[in-house]
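A.B. asks: Below are the sequence and a predicted model for it; my questions follow.
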Amino acid sequence: MTSCTKPSAVSRPQGSRSLGQGVRPDDRRAIHDLRPARPDGRSSVPGGAKIALFRSLFRGRADVYPRRFESRKTGKAGYQPACANEWIQGVCEKPRIKCVGCRHQRFLAVTDEAIRWHLSGHDGEGKAFVMGIYPMLQDETCFLLAVDFDKAGWREDARHSGKRAGT
């Protein structure tokens, strides 16, 4: 079983920080400023600043990211690794062979362009685009943890998790 250790266990470039060290007041202001401020509903924050903020808040594996898909047959949605060879005739053997077992895997790295597509909701071809992140790094550490508390006992569950985390 893998576990998520504190970000401090990961070596990172000098001057970088993780969310485990807390979000700075400037970051909170930047998050607030991403809301539409112009009459046309668009944000006045430059695209590069949005991408930098996104990267600082949603840190995971940089070598691969999942892309949302929706099955035309069943209507079910899910995420799978974004691959440069997906659906290329003679290379990609989906649906007969799943991505995990494909010998032609060429997963796409997280780029500013992919983040820009995610923030806009569509890719360079105008197709719907939603990317995810793989928060667990290859050394089995992570920078974030998402927890879903629901049902009747969600408050008590959240309280117990906070105590265990030392908050």
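C.D. replies: Yes, it's here.

A.B. asks: Below-threshold pLDDT in the chain: ranges please.
C.D. replies: 1-46, 166-167 (pLDDT under 70).

A.B. asks: Just give me the neighbour total for Asp157.
C.D. replies: Counted by other CB atoms under 10 Å, the residues lying close to Asp157 total 15. Heads up, the C-betas are built off the backbone N, CA and C, glycines and all.

A.B. asks: does it belong to a helix or a strand, and which?
C.D. replies: Assigned by DSSP states H and E, Asp157 belongs to helix 154-165.

A.B. asks: chain center to that helix: distance?
C.D. replies: Taking the mean of its C-alpha atoms, helix 154-165 sits 24 Å from the chain's own mean (CA atoms, centre = their mean, to the nearest Å).

A.B. asks: and the residue minimising distance to the centre of the chain, backbone torsions?
C.D. replies: Computing the C-alpha centroid of the chain and ranking residues by CA atoms, centre = their mean puts Ile133 first, at 2.8 Å. Dihedral angles phi and psi of Ile133 (degrees, to the nearest 10) take the values phi -130, psi 150.

A.B. asks: Who's the closest spatial neighbour of it, skipping the chain neighbours?
C.D. replies: Of all residues not flanking Ile133 in the chain, Gly60 sits nearest, at 3.6 Å (CB to CB, 6 or more residues apart in numbering).

A.B. asks: before we move on, back to that, any idea how far Cys102 is from the residue nearest to the centre of the chain?
C.D. replies: According to CB to CB, to the nearest Å, Ile133 and Cys102 sit 21 Å apart.

A.B. asks: And Lys94, by the same measure?
C.D. replies: 8 Å.

A.B. asks: and the two? which has more neighbours close in?
C.D. replies: Neighbours per residue (other CB under 10 Å) separate Lys94 from Cys102, with Cys102 holding more: 18 against 13.

A.B. asks: Which element, helix or strand, includes the closest residue to the more buried one other than its chain neighbours?
C.D. replies: Nearest non-adjacent residue to Cys102, counting by CB to CB, 6+ apart: Glu93, 6.6 Å away. Under the criterion of DSSP H and E, Glu93 resides outside all helices and strands.
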